[in-house]
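> Quick one: sequence and predicted model below, then my questions.
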Amino acid sequence: MRLKVATLLTGLSLLGAPRALAQGLPSFDLERLRLDPAAGSSLVVGNGEVGKAGTSRTSLSIAYEHSPLVLLADGTLRGRGVGQTSDKVGAVVDGRYTATIGLSLALVDNLELFIRAPYVAWQHGDNLVATGVSKPLNNAAGTPTAGVRLGVVNQADGAPLSVGVAAEVAPSWGNDQALAVNGGFSWMPRVEVGRRFASFAVAAQGYGLFREAGIPLAKGDIAGNEYGVGVALSTLGTTRAELSYRFAVNENKISISSEALAGVRYGAGPVELFALAGPGFGAAPGTPTWRGLVGIALVGTPR
């Protein structure tokens with residue numbers, strides 16, 4: 001009986017080993033851009049504002065990112081921000097389209113709940129199987145997130161600035177073979193500050209990304225916790241333009257990631273159209289050479 005059990009366990013282990021080797025991909029989420037579901041003054045940087053009870057925004061966006069993950073000659077996996085010249089064996093992901101649904105709702109004054117649900121619609125890369133890195137799936141569900149934002153003070157109530165705090169959680173529900181999930185639970189707290197002037201607004205935020213455990217990448221690299229900041233300048237009115245910059249660093253010194261994005265928004269009643277585009281800098285995994293995004297939103301206001 002013991003011999004049969006041992007034989008069965010050995011067989012199961014042999015079945016599991018080839019699967020792990022064949023996959024050849026880290027359990028890592030490439031996506032670094034998370035649109036602000038409420039999009040107060042900026043599409044990507046929170047400004048601390050939280051609307052009155054009943055305020056809502058539902059959005060659908062489609063984003064393209066170019067070369068967010070490459071295999072280098074030294075065997076490491078990196079992003080390919082502008083100016084990166086390290087010898088490249090090939091692109092694990094050369095191009096990637098992601099569709100994302102976002103929803104924000106102020107349940108009561110100064111308290112908002114929000115969710116994001118991404119889906120990797122299509123991605124393409126080089127055939128690197130001979131190097132031990134398999135091709136990701138072309139499409140799969142990504143990691144959904146849910147969060148809450150609390151307005152601490154609001155400029156609309158007479159304060160000189162709007163200040164808010166938020167926390168977002170990401171369960172490990174995506175697809176690791178599509179590079180669309182982190183290997184475990186993660187959460188992202190942040191602090192937001194903003195101010196509106198007569199014709200423009202400024203916003204800034206600081207945040208952390210805390211992972212349940214470090215994610216093994218390649219050649220001993222571990223993607224650990226991250227810390228980042230973001231700033232944005234935007235105009236106000238029916239047609240709005242914005243400029244934003246975001247910067248993040250990994251605690252394990254796997255390069256840096258930053259992006260500069262220019263955007264435009266046009267509102268017609270409750271409907272808003274928006275677009276973003278710009279380059280990425282640095283070599284942290286998930287940093288694209290450039291990205292572009294278009295979307296539509298439906299904005300609800302309390303009666």
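Received it, and whenever you're ready, just let me know what you need. The model shown is predicted, which means the values in this text are computed figures rather than measured ones. Numbers count the residues shown, from 1 in each chain.
> My understanding was that residue 161 contacts residue 193; is that so?
Yes: with contacts counted by Cβ atoms under 8 Å, residue 161 reaches residue 193, the gap being 5.8 Å. Backbone N, C-alpha and C define where each C-beta goes, glycine included.
> so what sits against both of those two?
Listed as contacting both residue 161 and residue 193 by Cβ atoms under 8 Å, 6 or more residues apart in numbering are residue 48.
> Tell me how far residue 68 lies from residue 119.
16 Å (Cβ to Cβ, to the nearest Å).
> do the same with residue 175
When residue 175 is compared with residue 119 (using Cβ to Cβ), they lie 10 Å apart.
> Counting by contacts, list what the top strand by length along the chain packs against.
Across the chain, the strand with the greatest residue count (assigned by DSSP state E) is strand 88-108. Strand 88-108 sits against strand 56-72, strand 111-124, with contacts defined as 3 or more Cβ pairs under 8 Å, 6 or more residues apart in numbering; DSSP states H and E.
> going on from the last one, what's the next piece of helix or strand?
The helix or strand immediately downstream of strand 111-124 is strand 140-141, counting by DSSP states H and E.
> List of residues touching that next one?
118-120, 173-175, 177-178, 180.
> I'd like the mean pLDDT over that strand, please.
When pLDDT is averaged along strand 140-141, the result is 96.
> Partner strands of that strand and their direction?
Paired strands of strand 140-141, with direction, are strand 111-124 (antiparallel) (DSSP bridges).
> returning to what we had before: neighbour-wise, which of residue 161 and residue 193 wins?
The neighbour comparison of residue 161 against residue 193 (other Cβ atoms under 10 Å) goes to residue 193, with 20 against 15.
> quick one: which two of the contacts of strand 140-141 are the most distant?
Spatially, the most separated pair among the contacts of strand 140-141 is 118 and 177, at 15.6 Å (Cβ to Cβ).
> count of residues packed around the residue nearest to residue 42 when sequence neighbours are not counted?
In this structure, residue 42 finds its nearest non-sequential neighbour in residue 232, 3.7 Å apart by Cβ to Cβ, 6 or more residues apart in numbering. Neighbourhood size, residue 232 [other Cβ under 10 Å]: 26.
> Look up the pLDDT of residue 232 for me, please.
The model's pLDDT for residue 232 equals 98.
> One more: the one 4 residues further on?
For residue 236, the pLDDT comes out at 97.
> cool, and residue 220?
For residue 220, the predicted pLDDT is 89.
> again, but for the one 3 residues further on
The model reports residue 223 with a pLDDT of 94.
> Could you verify my assumption that residue 113 touches residue 102?
No: judged on Cβ under 8 Å, residue 113 makes no contact with residue 102 at a distance of 11.9 Å.
> Kindly state the beta-bridge partners for residue 275.
The partner residues for residue 275, given DSSP bridges, come to residue 264, residue 294.
> wait, doesn't it sit right on residue 293?
Yes: the criterion here is Cβ under 8 Å, and residue 275 meets it with residue 293 at 6.5 Å.
> These two: which is more packed in?
residue 293 (22 against 15).
> who's in contact with the more buried one?
Residue 293 touches 33, 35, 61-64, 275-277, counting by Cβ under 8 Å, 6+ apart.
> Which residue, other than its chain neighbours, is closest to it?
Using Cβ to Cβ, 6+ apart, the closest residue to residue 293 is residue 63 (4.0 Å).
> Next: residue 222.
Going by Cβ to Cβ, 6+ apart, residue 222 has residue 214 as its nearest residue, at 4.0 Å.
> what does residue 295 give?
Per Cβ to Cβ, 6+ apart, closest to residue 295 is residue 61, 3.3 Å.
> How about residue 291?
Nearest to residue 291 is residue 65, by Cβ to Cβ, 6+ apart, at 4.2 Å.
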